[in-house]
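# make a model of this:
(2 chains)
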Amino acid sequence: MNDIFSELEEVTVEQYDHHDLPKWLADPVLMVARNPEAYQGKEYLIEILVAQVREYDVYAEAGCCKWAYDHEDIKRTLRWLEE
Amino acid sequence: MAIYLDCNATTPVEPSVASAVVRFLEKDFGNAASPIHDYGVFALTAVEHARGQVAEVVKANRDEVIFTSGATESNNLAILGLADAGMRNGRCHIISTAIEHKSVLEPFEEMARLGFEVQILPVQSDGRIDPQRLSDAIRPDTLLVSTMQVNNETGVLQPLTEVADILADREIWWHVDAAQGFGKELEQLRHPRINFISISGHKIYGPKGIGALVVRKQNRQFPPIHPLMFGGGQEQGLRPGTLPVSLIAGFGEAAKLAVRNNGDRMKKCQTFREKALATLSALGAEQNGAEKYTLPHVLNISIPGINSEVAIKALKNVIAVSSTSACTSHTHTPSHVLTAMGLSFEKVEQSIRLSWCHMTPEVDWSEVENILRALRG
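From the prediction side, this is the model:
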């Protein structure tokens, strides 16, 4: 069950250390990743969050089509996780 | 209830897939095209998540997955959708093979009616197309080559890598009907030379009524396919209509599991295969299609002295099997696939297709053997 949470932690650290994910966004995501008990039953949203962090792009909204995820997407998923 | 051995017709649904479908039917029922509130945004998020899960199976980009109702529609979109480009550019020669599903062969007939020159390649007795024949058939005005990945009746894997080599430096669109191999044989479909891939959800433990056409971009542009329907602009203008979010979410889950559990599934199917082969070989059954190219979950056999319809009826309380593809089994016409492979009429009439999956329970093979022996008298 915790595999998806470990995956979330791994991709978040990777995106923060080596790509553009900012600290203010990485921190709340890591809080989720490191507290699997608090998010039991919400694994589908965690899966979505993994994909959004993995495909995070500061400029996702730029251009005609949006084919990456930006901070708004991640913030929204974090909000759904708290509902 | 008989044990279901007709997984090439359709597979059972994985429990987590069913849960995903129910969730988006009952609770999260928003319209993905109305992202003006959380209902719509969540639906859109689920669709894009599923799109990524499907893309991952073939290592495509998320924006290259166009959701359709299934592989039949995808085949039609890929083939008929190129008609306009072909006519504009004077490229009116199209090639396919004799063992394709009707949802490829009939759009090819429609292309012929529109004025295209259709060339159907024969197949070898092992159930595979001959790449050299394809190479010889290509002309300067060839617009499209359409080849299946895995045959639905025999389970035989086609030589797509060789086809990719032949098409490597040619400006010909290549469509692959992968209804039977998507999510099962993973490597072939990841070849970047393939322009179009048709897939179905219900062949990979997902729901019926959902599939996709993967359209690989070249130089960031879609191949010049034209939509077959209009009104709404969904799916990048290629397939309008309100997206069935529940089916898409289920399809995405099924695609995820197909990658994650591929090794385990193959292993279980192989174990099942060995038991089936042992029983059927003892009856003198002959396999249709070369064993070394056949995926582990399918077996097409002809049993000497036993008509397939008689066998299927006699076995109906023990195992549920078929004699040909689901889409043509109601017509009682001899299999065009086995006929194309050069089988005699008698052998075609004796052919049975057994197809199973990782969820298939144990079969009492001794009972199967006894029933079939009794039929021989």
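
# wait, B:Lys316 sits on B:Ala2?
Yes. Between B:Lys316 and B:Ala2 a contact is recorded at 6.0 Å, counting by C-beta atoms under 8 Å. Quick note: C-beta positions are derived from backbone N, CA and C, even for glycine.

# what about B:Gln53, which helix or strand?
helix B:38-58 (DSSP states H and E).

# report the mean per-residue pLDDT for that helix.
Computed over helix B:38-58, the mean pLDDT rounds to 97.

# that helix packs against which elements?
If contacts are counted by 3 or more C-beta pairs under 8 Å, 6 or more residues apart in numbering or on different chains; DSSP states H and E, helix B:38-58 sits against helix A:43-54, helix A:71-82, strand B:65-68, strand B:211-215, helix B:245-260.

# what lies in contact with stretch B:311-318?
B:2-3, B:303, B:321-323, B:352, B:363-364, B:367-368, B:371-372, B:374-375 (C-beta atoms under 8 Å, 6 or more residues apart in numbering or on different chains).

# mind running it again at 7 Å?
Outside of stretch B:311-318, the residues within contact range by C-beta atoms under 7 Å, 6 or more residues apart in numbering or on different chains are B:Ala2, B:Ile303, B:Val321, B:Ser323, B:Ile352, B:Asp364, B:Glu367, B:Val368, B:Ile371, B:Leu372, B:Leu375.

# relative to chain A, how far out is the third one?
As judged by C-beta to the nearest C-beta, to the nearest Å, B:Val321 and chain A stand 36 Å apart.

# kindly report the same for B:Thr161.
Taken as C-beta to the nearest C-beta, the span from B:Thr161 to chain A is 29 Å.

# pLDDT weak spots in the chain?
By default, I'm working from chain A. Applying pLDDT under 70 to chain A flags the ranges A:1-2, A:60-66.

# hmm, I had chain B in mind actually
B:325-332.

# which of the residues in stretch B:301-319 are classified as buried?
Neighbour-count burial for stretch B:301-319, counted by 16 or more other C-beta atoms under 10 Å in any protein chain shown, picks out B:Ile301, B:Ser302, B:Ile303, B:Ile306, B:Ser308, B:Ala311, B:Ile312, B:Leu315, B:Val318, B:Ile319.

# stretch B:150-162 now?
Neighbour-count burial for stretch B:150-162 flags B:Val150, B:Asn151, B:Asn152, B:Glu153, B:Thr154, B:Gly155, B:Val156, B:Leu157, B:Gln158, B:Pro159, B:Leu160, B:Glu162 (criterion: 16+ other C-beta under 10 Å).

# what angle do the longest helix anywhere in chain A and helix A:43-54 make?
Under DSSP state H, the helix in chain A containing the largest number of residues is helix A:3-18. Counting by axes from the mean of the first three to the mean of the last three C-alpha atoms, to 10 degrees, helix A:3-18 points 20 degrees away from the direction of helix A:43-54.

# any idea which helix or strand comes after helix A:3-18?
Counting by DSSP H and E, the element after helix A:3-18 in chain order, helix or strand, is helix A:23-33.

# got the contact list for that following helix?
A:Phe5, A:Leu8, A:Glu9, A:Thr12, A:Tyr16, A:Tyr39, A:Leu49, A:Val53, A:His71, A:Ile74, A:Leu78, A:Leu81.

# turn those into TSV, columns for neighbour count.
Supplementary listing: the contacts of helix A:23-33 in TSV, determined by neighbours: other C-beta atoms under 10 Å in any protein chain shown:
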residue	neighbour count
A:Phe5	20
A:Leu8	23
A:Glu9	18
A:Thr12	26
A:Tyr16	19
A:Tyr39	18
A:Leu49	29
A:Val53	28
A:His71	17
A:Ile74	21
A:Leu78	17
A:Leu81	17
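
# just give me the closest of those to chain B.
Closest to chain B out of those is A:Leu49 (9.9 Å), distances taken as C-beta to the nearest C-beta.

# tell me the contacts of that closest one?
A:Leu8, A:Val29, A:Ile74, A:Thr77.

# and the gap between B:Thr360 and A:Leu81?
Applying C-beta to C-beta, to the nearest Å, one obtains 37 Å for the distance of B:Thr360 from A:Leu81.

# quick one: name the residues of chain A near chain B.
Residues of chain A that fall close to chain B, judged by C-beta under 7 Å from any C-beta of the partner chain: A:Ile48, A:Ala51, A:Cys65, A:Trp67, A:Arg76.

# on that earlier part again, got the angle between the helix holding B:Gln53 and strand B:211-215?
If you take the same axes, to 10 degrees, helix B:38-58 sits at 60 degrees to strand B:211-215.

# contacting residues for A:Glu47?
A:Ile4.
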